[in-house]
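Chemist: just a sequence and a predicted model for now, questions to come.
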Amino acid sequence: MSDARTPAQIEADIVRRREQLAVTLDEIGIRMHPKTIIGDAKAKVAAQVDHTAGRAFVSVNRVVSDVKARFTHEDGAPRLERVVPVALVAVALVGLLAASSRRNSKG
């Protein structure tokens, strides 16, 4: 059995390898084009922002749910024993800030 190839087979192999090389070079050219690089970078940043925003939303949602659970019963009715003291503190703080603001504007 002989491994000798004919000139036609060698030429066909050369043509096939040139075509493969041309395709590879085209792919490299596309990957290295500035627009492709910028587009890839933008996509990575957008994905990271989406991921971060999603995590932030989940965290905020969890905190809101926890606060809501502390100030409402399971049926949704407010827990007056918790809401009233917080409301009184809030009103007192607003009053103190208003009084402080009046003193600073007069003097």
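Modeler: Structure received.
Chemist: which strands and helices sit next to the helix of greatest length in the chain?
Modeler: As assigned by DSSP state H, the longest helix anywhere in the chain is helix 34-71. For helix 34-71, the elements it packs on are helix 80-106, judged by 3 or more CB pairs under 8 Å, 6 or more residues apart in numbering; DSSP states H and E. Every C-beta, even on glycine, is put in place using the N, C-alpha and C of the backbone.
Chemist: now the helix it packs on against helix 34-71, angle please.
Modeler: 110 degrees (axes from the mean of the first three to the mean of the last three CA atoms, to 10 degrees).
Chemist: and helix 80-106, which residues are buried?
Modeler: Using 16 or more other CB atoms under 10 Å as the test for burial, helix 80-106 gives no buried residues.
Chemist: from the chain's centroid, how far away is that helix?
Modeler: 38 Å (CA atoms, centre = their mean, to the nearest Å).
Chemist: name the helices or strands packed onto that helix?
Modeler: So helix 80-106, by 3+ CB pairs under 8 Å, 6+ apart, packs with helix 34-71.
Chemist: for the helix it packs on, give the mean pLDDT please.
Modeler: The pLDDT scores in helix 34-71 average 93.
Chemist: quick one: that helix to chain centroid distance?
Modeler: For helix 34-71, the distance to the chain centre is 4 Å (CA atoms, centre = their mean).
Chemist: from the centroid of the chain, which residue is nearest?
Modeler: Taking CA atoms, centre = their mean, the centroid of the chain lies closest to residue 50, which sits 2.0 Å from it.
Chemist: distance check, that one against residue 64.
Modeler: 21 Å (CB to CB, to the nearest Å).
Chemist: again, but for residue 54
Modeler: Applying CB to CB to residue 54 and residue 64 gives a distance of 16 Å.
Chemist: also residue 26?
Modeler: On the measure of CB to CB, residue 26 and residue 64 end up 52 Å apart.
Chemist: so how far is residue 69 from residue 84?
Modeler: Taken as CB to CB, the span from residue 84 to residue 69 is 18 Å.
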